[in-house]
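>>> Give me a 3D structure for the following:
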Amino acid sequence: MRDRDDRPTVTRSQTRVDAHVKVLDDEVVARAKARGIDALVYAPHFTRLPTVRERAARYSDDELTVVPAREVFTGDWGNRRHLLVIGLSDPVPDYITFEGAMAEFERQDAAVLVPHPGFATISLTRPEVDAHADRIDAIETYNTKLLPHQNARAQRTAEATDCAGFGSSYAHLPGTVGEAWTTFEGDLDDAEAVVDAFRERRPRTVIHRGGAGHQLRGLVEFAHLGYENTWAKLDRMFLSGNEPTLPSNVAYEGRFDDVSVYE
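The predicted structure is shown next:
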């Protein structure tokens, strides 16, 4: 039997990226590794970029890369459009105009991904994706949280607009991590390499687990959606007046006042 250090070097020919998760802790990391995930894109709601980066660095190691990201809410609460952004160099708040957000992403040369297209009133519609296809690096074609007909609709949107796709667990609960992923050829060995793969729109394959267990995880996540969208959470955010990702937060130094949708 060989000692660990004597094992032959194996070159990984593919990189599996669970391209959107909301949770990150020791349990999440262990589950991702057990399921063969090489990278997680971590984008918790209402959390500023420096905090996301710090947590991503803390949980990254030689086996798993955690890519810091932001799911930015553009528009107001009743007409918001979510954009998943990786490769940001500077923080961007929520609740700014769509055009204001896109201009800032372009300035930073970040990769712009569209999560759950066409879902409810929080996502880009097919006409919106079509209108901005040249500014979008990928749209989500498989999301574990969504129902089959919703994922089928997202796939049709990608095909009709000639956009690259991506898949994710969209895990808000640790048990869902690794239920779906995006596979790129080659070894993407750090966060920058993962960002480049999306930014350069490299070929990829979207894969998800199957069977009753996978379907159950999706239903559990979908049920959790009700909690995620309670008015209590909205009240907490605006009554406090100091939510970390509001444009009025002192951390943004007034840079986004002209594109804020709330005064």
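>>> how about the CA coordinates for the helix or strand containing Q215, as CSV?
Remark: Q215 resides in helix 211-228, with elements defined by DSSP states H and E. The C-alpha coordinates for helix 211-228 follow below in CSV (Å, rounded to 0.1, in the frame of the first residue of the first chain):
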residue,chain,number,x,y,z
GLY,A,211,-34.7,10.0,-8.9
ALA,A,212,-37.2,10.5,-6.1
GLY,A,213,-34.6,12.0,-3.7
HIS,A,214,-33.7,14.7,-6.1
GLN,A,215,-37.3,15.6,-6.7
LEU,A,216,-38.0,15.7,-3.0
ARG,A,217,-35.0,18.1,-2.4
GLY,A,218,-36.5,20.4,-5.1
LEU,A,219,-39.9,20.3,-3.4
VAL,A,220,-38.4,21.1,0.0
GLU,A,221,-36.5,24.0,-1.5
PHE,A,222,-39.6,25.3,-3.3
ALA,A,223,-41.6,25.1,0.0
HIS,A,224,-38.9,27.1,1.6
LEU,A,225,-39.5,29.9,-0.9
GLY,A,226,-42.4,31.2,1.0
TYR,A,227,-40.3,32.0,4.0
GLU,A,228,-37.7,33.7,1.8
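>>> any idea of the mean pLDDT for the longest strand that the chain contains?
Scanning the chain for the longest strand, with DSSP state E as the assignment, gives strand 65-74. Per-residue pLDDT values across strand 65-74 average out to 97.
>>> elements contacting it?
If contacts are counted by 3 or more C-beta pairs under 8 Å, 6 or more residues apart in numbering; DSSP states H and E, strand 65-74 sits against strand 14-21, strand 39-42, helix 49-59, strand 81-86, helix 98-108, helix 191-199. In this view, the C-beta of every residue, glycine as well, is placed from N, C-alpha and C.
>>> remind me which residues of the stretch 101-250 of the chain are low pLDDT?
226-242 (pLDDT under 70).
>>> Would you map the helices across it?
Remark: helices assigned in the stretch 101-250 of the chain by DSSP state H, counting those that start in this stretch are 126-131, 148-161, 191-199, 211-228, 231-240.
>>> hey, what's the residue nearest to L188 when sequence neighbours are not counted bridged with?
By the measure of C-beta to C-beta, 6 or more residues apart in numbering, the closest residue to L188 outside its immediate chain neighbours is T15, 4.1 Å from it. Here T15 sits in beta bridges with F184, as judged by DSSP bridges.
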